[in-house]
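Asks: Got a predicted model here, sequence first, then my questions.
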Amino acid sequence: MLLASSKFDELRLDHVTRSFGSVNALQDICLTIGKGEFIALLGPSGCGKSTALNCIAGLLAATGGSIWLDDKRIDQLKPEDRGFGMVFQSYALFPHMSVRANIGFGLKMRGTARAEIAKRVDEALALVRLEAHGHKLPGQLSGGQQQRVAIARAIVIEPPLVLMDEPLSNLDAKLRLEMRAEIRRIHNQLGATTIYVTHDQDEALSLADRIVVLRDGRIRQVGAPRDLYESPDHLDVAEFMGYRNRLTGKVTARDGDRVTVEVSSVRLAGTMRGDISVGAQAVIAARPDDVTAIDGSDNALKAIVETIEYRGREFVGTARTEGGLELIFHAPQAAAIGSTISLAVDPAHALAYAA
Amino acid sequence: MQRADHTPALSLRQRLALRGIDGVTLLVLPAVLFVLAIFVYPFAYGLLLSFEPKQGGIFANYTRFFSDPFLYDTIATTLWLAVPVTIISLAFALPVAFRVRLMTRQRLLTTILVLPVTLGTVLVAEGLLNFLGPQGWFSRTLMLFGIIDSPVKLTNNYWGVFASLIITGFPFTFLLTLSYVTGIDPALEQAAATHGARAWQRFRHVFLPLLVPGLAIAFCLSFVQAFAVFPSAILLGAPAGPTRVISIAAYQAAFEQYDYSMASAIAMIMAAVQLVIVVAVLMLRNLFYRGTTAGGKG
């Protein structure tokens, strides 16, 4: 196979820091990425994920720390000397070049023989399923097709590392799902080490082998998608992973990692993350999926339904407790707005963090 | 049953609106009147006047112009000034624009570069006479350092006019070029760099092809400006000889010989020469990609 997989063992970020004036966009980032891994840098806007990617690409100089490809220090190399492939949010296709010329650009710059370029461009076109569009200009393609050209342009040079900067955020919802599957398929086929920047947790969960959650320029948690989804280390990571309900209360009992938290005189069982002692304040975080409307129960939160939305298989609504807490819940049947319902939280998926 | 029964005929107003003509269209009226009064009427008047020579047939002015080397040589003289000046301004503006585009404080530099525009040709000419003249600082400094033995002659000849045209024309060329250079999506350069293109390759394969259409426009506008050179050709040049440009010929016809008809004919010839060059450049421009300079969805 011509499009070979990565030719290095690991990429290492060693205390990488980037500041803009007095603002630290990136602080002390240490991360080791193995060959063939698909890493997602995930975080809200302004968390430093694009800065990190640009530092790795060489488009931004790191103001501290170093970046290594095995034993080779690369953070002082120019972007053109690093030999990575990059996919941009805005596609950044050369508008005056045909699709073929765009894809062959990196090879041409490296002085590859013309016949070889043609052969590899053919392969790349086949890989992204654009064989019929080789002679068009980028402007004649749809957004999804343009992004596939950009992916082909990045991988045709057989880079040790492919960098993707929110590549799907300019596409509509349906296309985004299709391209997500496409990126996964291409990664499985080529095994190229990939760093993928996104603010969309669904994208990160479905694509990545490992997710790096960034916040305010620091790494908050690194882990497999499942670990992050099921047991986020911190409350802010949990919030970002879709734990939208937050219930604050006092810890009344503790048994192993099970805790009981009293919220508005209702005792909720939860799973402890970190260490919280009895008597301390704790926050229970739960996903809407794990807050369920049930038929009358003693130990349930009573709340008045404020909104209800139909989501196909189920209903999702918001309700407010007497104490003023807002909860997002799901229900198999529609609940009438203004009615009082009982909400139960699944103890295994209710995570308790120290407040 | 005919379809017309079901679709009521559109009113005239609706039909006009579909073609983009409505009340707002009237707003172009002042501009149209202005163009008619300031451009179309004088041009047509001049054109007709040029065919009413003092003596001879209707083409007498034109035959006289093209049979008298003292007159037709002015075309070559003017081109010999305007073309190199335009090319050098562009060639100089391009690298400066590439540097300025990366600067965070563009405004100060841009202001300094644009200042000569506000000074006017005559002031620049006066300044250059003092600076480049036989007793000027330029020659004195060179002589002080022993680089030359006697003052170099840089005024009252071709070079004086050349320098003045560059100084007054450059800011204009530069501003146009800068707007084209900064109009190119910076992500394109980043994409080129990450995919292995060195600085020169990025310029050659990405920037230049995208800039050609804009540079062609900048060339045309700068050229037309330089081709109409008049004050500096007299003040800094040798208006009787090497810098006897076409506008001087027109001026002499009109205000020394009081032959307005001949002056109009010269003006028409001047316009025709400019038109030929501009059309040629624009045709060349059509050979290049002229679409968007963005790399994808904005």
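Replies: Looks like it arrived, so ask away.
Asks: going forward, measure contacts and count neighbours with C-alpha atoms only.
Replies: Noted.
Asks: Now do the buried residues in stretch A:241-257.
Replies: Going by neighbour count (16 or more other CA atoms under 10 Å in any protein chain shown), the buried part of stretch A:241-257 is A:241-252, A:254.
Asks: same thing with stretch B:280-296?
Replies: For stretch B:280-296, the neighbour count (16+ other CA under 10 Å) marks B:281-282, B:285, B:289-290, B:293-296 as buried.
Asks: can you list contacts of it?
Replies: Here stretch B:280-296 makes contact (CA atoms under 8 Å, 6 or more residues apart in numbering or on different chains) with A:90-96, A:138-139, A:143, A:146, B:183-185, B:187-188, B:209-210, B:212-213, B:216-217, B:220.
Asks: Equivalent analysis for stretch A:99-109, please.
Replies: If you take CA under 8 Å, 6+ apart as the criterion, stretch A:99-109 is touched by A:93-94, A:114, A:117-118, A:121, A:124, A:133-138, A:149-150, A:152-154, A:156-157, B:192, B:195-197, B:201.
Asks: I'd like to know which of these are part of helices.
Replies: The members of those that map onto helices under DSSP state H are A:114, A:117-118, A:121, A:124, A:149-150, A:152-154, B:192, B:201.
Asks: And the furthest pair within the residues you listed?
Replies: Using CA to CA, the pair of the ones in helices among the contacts of stretch A:99-109 lying farthest apart is A:124 and B:201, separated by 22.9 Å.
Asks: who has more neighbours, those two?
Replies: A count of neighbours by other CA atoms under 10 Å in any protein chain shown puts residue A:124 above the other of residue A:124 and residue B:201, at 27 against 15.
Asks: so the more buried one touches residue A:157, yeah?
Replies: No: at 9.8 Å, residue A:124 and residue A:157 do not qualify as touching, with contact defined as CA atoms under 8 Å.
Asks: Show me which residues of the stretch 151-300 of chain A sit near chain B.
Replies: A:154, A:157, A:170 (CA under 8 Å from any CA of the partner chain).
Asks: repeat that for 10 Å
Replies: Taking CA under 10 Å from any CA of the partner chain as the criterion, the stretch 151-300 of chain A approaches chain B at residues A:153-157, A:159, A:163, A:170-171.
Asks: okay if I get these as CSV plus pLDDT and neighbour count?
Replies: Formatted as CSV, these follow (pLDDT from 0 to 100; neighbours: other CA atoms under 10 Å in any protein chain shown):
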residue, pLDDT, neighbour count
A:153, 95, 29
A:154, 93, 30
A:155, 90, 27
A:156, 92, 26
A:157, 90, 26
A:159, 90, 23
A:163, 95, 26
A:170, 84, 18
A:171, 84, 17
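Asks: Closest one to residue A:31 out of those residues, please.
Replies: Using CA to CA, residue A:163 is the member of those that sits closest to residue A:31, with 15.3 Å.
Asks: Tell me the strands beside the helix or strand harbouring that closest one, with direction?
Replies: Per DSSP states H and E: residue A:163 is located in strand A:161-165. When pairing is defined by DSSP bridges, strand A:161-165 lines up against strand A:85-87 (parallel), strand A:193-198 (parallel).
Asks: Could you list every helix and strand in contact with the lowest-mean-pLDDT helix or strand in chain B?
Replies: One helix or strand of chain B scores below all others by mean pLDDT, DSSP states H and E: helix B:106-119, with a mean of 80. Here helix B:106-119 touches helix B:69-100, helix B:121-132, helix B:158-182, going by 3 or more CA pairs under 10 Å, 6 or more residues apart in numbering or on different chains; DSSP states H and E.
Asks: The shortest one versus helix B:158-182: what angle between them?
Replies: Interaxial angle, helix B:121-132 versus helix B:158-182 (axes from the mean of the first three to the mean of the last three CA atoms, to 10 degrees): 120 degrees.
Asks: can you list contacts of helix B:121-132?
Replies: Contacts to helix B:121-132, defined as CA atoms under 10 Å, 6 or more residues apart in numbering or on different chains, come from residues B:116-117, B:133, B:135-140, B:151-156, B:159-161, B:163-165, B:167-169, B:229-237.
Asks: what's the spacing between the lengthiest helix in chain A and its chain's center?
Replies: In chain A, assigned by DSSP H, the helix with the most residues is helix A:173-190. Relative to its chain's centre, helix A:173-190 lies at 14 Å (CA atoms, centre = their mean, to the nearest Å).
Asks: I'd assumed residue A:67 was in a helix, is it?
Replies: No: assigned with DSSP: H, G, I helix; E, B strand; the rest coil, residue A:67 falls outside any helix and is strand.
Asks: what residues are up against it?
Replies: Counting by CA under 10 Å, 6+ apart, residue A:67 has contacts A:11-16, A:30-32, A:55-56, A:73-76.
Asks: where does chain A have low pLDDT?
Replies: Scanning chain A for pLDDT under 70 picks out the ranges A:1-6, A:296-299.
Asks: In it, what residue spans correspond to helices?
Replies: Under DSSP H, chain A gives helices at A:49-57, A:79-82, A:99-109, A:114-127, A:143-155, A:173-190, A:201-207, A:225-230, A:235-240.
Asks: Single out the residue in the stretch 51-200 of chain B that lies closest to chain A.
Replies: Nearest residue of the stretch 51-200 of chain B to chain A (CA to the nearest CA) works out as residue B:196 at 4.0 Å.
Asks: Save the strands paired with strand A:161-165 as TSV, and put in mean neighbour count too.
Replies: Converted to TSV, those look like this (neighbours: other CA atoms under 10 Å in any protein chain shown):
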stretch	mean neighbour count
strand A:85-87	29
strand A:193-198	25
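Asks: Of all the ones you listed, which one is nearest residue A:352?
Replies: Residue A:352 lies closest to strand A:193-198 among the strands paired with strand A:161-165, at 27.0 Å (CA to CA).
Asks: got the angle for the closest one vs helix A:173-190?
Replies: Using the same axes, to 10 degrees: strand A:193-198 against helix A:173-190 is 160 degrees.
Asks: Tell me, how many residues neighbour residue 109?
Replies: All of this refers to chain A. Residues near residue A:109, counting by other CA under 10 Å, number 18.
Asks: not quite, I wanted chain B
Replies: If you count neighbours by other CA under 10 Å, residue B:109 ends up with 12.
Asks: which bits of chain B sit near chain A?
Replies: Contacts of chain B with chain A, taken as CA under 10 Å from any CA, map to B:185-199, B:201-202, B:205-207, B:209-210, B:288-298.
Asks: Now for whichever residue of the stretch 201-350 of chain A sits closest to chain B: which residues touch it?
Replies: In the stretch 201-350 of chain A, the residue that lies nearest chain B is residue A:203 (20.5 Å; CA to the nearest CA). Contact analysis of residue A:203 by CA under 10 Å, 6+ apart lists A:40, A:42, A:166, A:168, A:176-177, A:180-181, A:196-197.
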